[in-house]
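J.: sequence and computational prediction follow.
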Amino acid sequence: MSIPQSGGGPIERHEQLAEYLEAGCKPKADWRIGTEHEKFGYCRDTLKPLPYDGPRSIRAMLEGLRNRYGWAPVEEAGNIIGLEKDGANVSLEPGGQLELSGAPLETIHETCDEVNAHLREVQSVADEIGAGFIGLGAAPHWRHEDMPRMPKGRYKLMTDYMGRVGTHGTQMMYRTCTVQVNLDFSDEADMVKKMRVALALQPVATALFANSPFFEGKLNGHKSWRSRIWRDLDADRTGMLPFVFEEGFGFERYVDYALDVPMYFVYRDGTYIDALGQSFRDFLDGKLPALPGEVPTLSDWADHLTTIFPEARLKKFIEMRGADGGPWRRLCALPAFWVGLTYDADALDAAWDLAKGLDAETRQGLRVAASVDALQGEAGGVKLYDLAREAVAIAEAGLKARARPGAGGLIPDESHFLNALQESIASGQVPADELIAHYNGDWDGDVTRVFAEYSY
């Protein structure tokens with residue numbers, strides 16, 4: 001979840017809303033890669049989630065990272081809730097999931113180095129306090145009442161609201177993890193094409209990275225339960241955004257959509273003010289019940305955009321949001337997949353050729369099929385395995401065309417970061433399939449075996 005935004009004066013013209021998004025346009029030479037990943041922390045002896053406070057806790061993890069590795073603390077109401085250093089930040093999800101929001105980097109080589117350095121730092125602190133961390137899309141056996149609550153005002157408001165508008169909102173907040181990548185665009189036309197490719201092929205990412213077949217101690221009937229959760233969370237702010245594929249889509253059309261998403265809060269002087277269900281359109285007119293007579297700032301608009309959760313999200317960059325959290329190889333594979341598809345012009349054209357024939361019903365059907373059956377899913381006569389095979393091949397060609405070397409020039413490009421996905425294409429199996437096989441085989445139905453065998 002995002003931290004409060006800053007900067008920007010009062011919004012005086014409606015056009016400023018689209019101009020804010022348009023300000024993200026960058027020449028190709030300035031495009032960067034920002035990878036984010038979440039992970040569950042737990043007590044090694046009890047396999048319970050880490051509480052916020054205590055000698056073995058989330059607070060202890062943050063303080064250890066601060067003291068040992070020079071991270072600057074982020075505090076709210078006297079509580080340490082995050083860390084910042086060198087353009088990256090460490091933050092907390094509602095149930096204590098630890099998230100690295102990586103710095104904007106030029107290559108996937110740098111991204112993977114960043115991921116590995118972070119996991120080493122986390123492990124060094126965790127080892128000393130008897131904690132562990134694991135990458136999964138959903139908590140394998142914890143129940144809602146087992147989950148701690150992080151001391152962030154934003155989450156207190158969201159928890160209450162989620163219980164009113166959907167059936168799975170608090171499951172998403174407290175018991176899921178993701179890996180995502182944030183990518184740039186050059187202009188409005190480039191944004192439009194990338195958003196369309198991102199949304200149409202997001203089910204492919206969900207299938208390839210499916211890693212949440214367990215929930216509350218047993219198989220849940222889905223290979224990505226995390227994706228299933230998102231389908232019944234809050235219809236006003238989630239989904240596949242069919243309007244993105246309509247003629248005339250651009251920054252202004254996304255603004256219209258965002259303005260119709262009910263608000264969560266307004267952030268003022270370190271405090272989250274309850275604006276649940278209220279209208280940003282009313283806010284623009286100075287008629288927000290939470291702050292009568294006050295008009296929003298650009299930072300309020302930026303905050304509001306972080307409360308929208310479609311499968312691909314537009315801010316000053318595009319967030320690819322469909323993948324489950326997972327093992328370290330896939331933390332590097334996710335940015336490789338999307339960078340390969342979208343950062344080379346020929347690859348982006350090929351990706352759009354692959355996606356443009358999918359209508360809204362098929363796209364939604366593939367989203368459902370990916371959550372249930374991963375690469376074995378299909379909808380509208382389209383098999384996810386075939387779509388994934390072609391998408392990974394396009395991504396590989398795109399990374400080779402980018403030709404960004406690593407290891408001092410010994411590695412010619414970034415395509416080897418796709419190896420984990422190519423193995424899935426070769427076998428037809430994704431992480432969830434492997435976990436299910438263990439559950440039905442050598443684990444004898446004991447999902448807690450996942451901690452010993454799959455932790456970082």
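T.: Yep, it's here.
J.: low-scoring stretches of the chain, by residue?
T.: 1-7, 166 (pLDDT under 70).
J.: residue ranges for the strands of the stretch 101-250 of the chain, please.
T.: 131-134, 178-183, 214-215, 218-219, 238-239 (DSSP state E, counting those that start in this stretch).
J.: looking at these, which is nearest to residue 413?
T.: Closest approach to residue 413 among the strands of the stretch 101-250 of the chain (Cβ to Cβ): strand 178-183, 17.5 Å. In this view, the C-beta of every residue, glycine as well, is placed from N, C-alpha and C.
J.: what packs against the closest one?
T.: The contact analysis (3 or more Cβ pairs under 8 Å, 6 or more residues apart in numbering; DSSP states H and E) places strand 178-183 against strand 33-43, strand 318-324, helix 328-342.
J.: wait, doesn't residue 99 sit right on residue 37?
T.: Yes: if you go by Cβ atoms under 8 Å, residue 99 and residue 37 touch, sitting 6.9 Å apart.
J.: more neighbours, the two?
T.: Remark: of residue 99 and residue 37, residue 37 carries more neighbours, 28 against 19, as counted by other Cβ atoms under 10 Å.
J.: excluding covalently adjacent residues, which one is nearest to that one?
T.: residue 179 (4.2 Å; Cβ to Cβ, 6 or more residues apart in numbering).
J.: for beta bridges, what are the partners of the one you found?
T.: With DSSP bridges as the criterion, residue 179 is bridged to residue 37, residue 323.
J.: verify the stated contact: it with residue 97.
T.: No: using Cβ under 8 Å, residue 179 is not in contact with residue 97, being 11.7 Å away.
J.: who's in contact with residue 298?
T.: Contact analysis of residue 298 by Cβ atoms under 8 Å, 6 or more residues apart in numbering lists 7-9, 11, 16, 20.
J.: quick one: the helices in the stretch 201-350 of the chain?
T.: 225-231, 251-259, 280-284, 298-305, 328-342, 345-355 (DSSP state H, counting those that start in this stretch).
J.: on that earlier part again, to residue 141, which of the strands of the stretch 101-250 of the chain lies closest?
T.: Nearest of these (Cβ to Cβ): strand 214-215, 7.0 Å.
J.: that closest one pairs with which strands, and in what direction?
T.: strand 218-219 (antiparallel).
J.: for the strand it pairs with, which outside residues touch it?
T.: So strand 218-219 is in contact with 213, 436, 439, 445, 447, going by Cβ under 8 Å, 6+ apart.
J.: and it, how far from the chain's centre?
T.: Relative to the centre of its chain, strand 218-219 is centred 24 Å away, using Cα atoms, centre = their mean, to the nearest Å.
J.: next: stretch 353-364.
T.: 22 Å.
J.: check stretch 402-420 too.
T.: Computed by Cα atoms, centre = their mean, the chain-centroid distance of stretch 402-420 equals 24 Å.
J.: near the residue nearest to residue 277 when sequence neighbours are not counted, how many other residues are there?
T.: Leaving out its chain neighbours, the residue that sits closest to residue 277 by Cβ to Cβ, 6+ apart is residue 262, at 4.7 Å. Neighbourhood size, residue 262 [other Cβ under 10 Å]: 17.
J.: now swap in residue 127 and tell me
T.: 11.
J.: need the outlier residue of the chain, farthest from its centre.
T.: residue 293 (35.2 Å; Cα atoms, centre = their mean).
J.: verify the stated contact: that one with residue 286.
T.: Yes: the pair residue 293 / residue 286 is scored as a contact, 5.4 Å apart, by Cβ under 8 Å.
J.: list the contacts for the residue nearest to residue 274 when sequence neighbours are not counted?
T.: Using Cβ to Cβ, 6+ apart and skipping residues adjacent in sequence, the residue nearest residue 274 is residue 157, 5.7 Å away. Applying Cβ under 8 Å, 6+ apart to residue 157 gives the contacts 264-265, 272, 274, 276.
J.: look up the closest residue to residue 165, ignoring the ones flanking it.
T.: residue 234 (4.6 Å).
J.: okay, now the one you found: neighbour count?
T.: Number of residues near residue 234 (other Cβ under 10 Å) recorded here: 22.
J.: what do you get for residue 165?
T.: 15.
J.: any idea how far it lies from residue 246?
T.: Here residue 165 is placed at a distance of 25 Å from residue 246 (Cβ to Cβ, to the nearest Å).
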